[in-house]
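In: Everything below, folded, please.
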Amino acid sequence: MENILLTINIILAIILVILVLLQKSEGGALGIGVSQDNFMFSRSAGDFMTKATAIVATLFIICSLGLTIISRGELEPTTSVIDKIEENTDEAPEIPENNK
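Out: Residues are numbered from 1 along each chain as shown. Now for the predicted structure:
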């Protein structure tokens, strides 16, 4: 189950990166999106790309949370660091007093 979710998570991450890179940039700096020549279609394409990005991002987050929950079940409970220090102080040797 964990391997299947991990594979889906990687695929969703790749799709999410591609969708973000394909979107039209607001500032026009780094976007690879639709040019201004096709202004009639760029608005509808932008709406579709925005919705698709939001859906894929939501699925990616849900998949990541699922992976975290599944892998957390395999962790062994550990003791606190403070408990370990208290255990070690009980076993510490005592310092002998100087005899004069």
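
In: What is the least confident helix or strand in the chain?
Out: Lowest on mean pLDDT, DSSP states H and E among the helices and strands of the chain sits helix 81-91, with a mean of 66.

In: Below-threshold pLDDT in this protein: ranges please.
Out: 25-46, 77-79, 84, 86-94, 99-100 (pLDDT under 70).

In: now do 50
Out: Applying pLDDT under 50 to the chain flags residues 29-31, 39-40.

In: ranges for the helices of it?
Out: Secondary structure of the chain by DSSP state H: the helices cover 2-22, 39-72, 81-91.

In: got these as CSV, with distance to residue 97 and mean neighbour count columns?
Out: Where you see a C-beta, it was placed from the backbone N, CA and C, and this is true even at glycine. Converted to CSV, the helices of the chain look like this (distance: least, Cβ to Cβ, whole Å; neighbours: other Cβ atoms under 10 Å):
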stretch, distance to residue 97, mean neighbour count
helix 2-22, 59, 14
helix 39-72, 51, 13
helix 81-91, 19, 9
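
In: Appreciated, that's everything.
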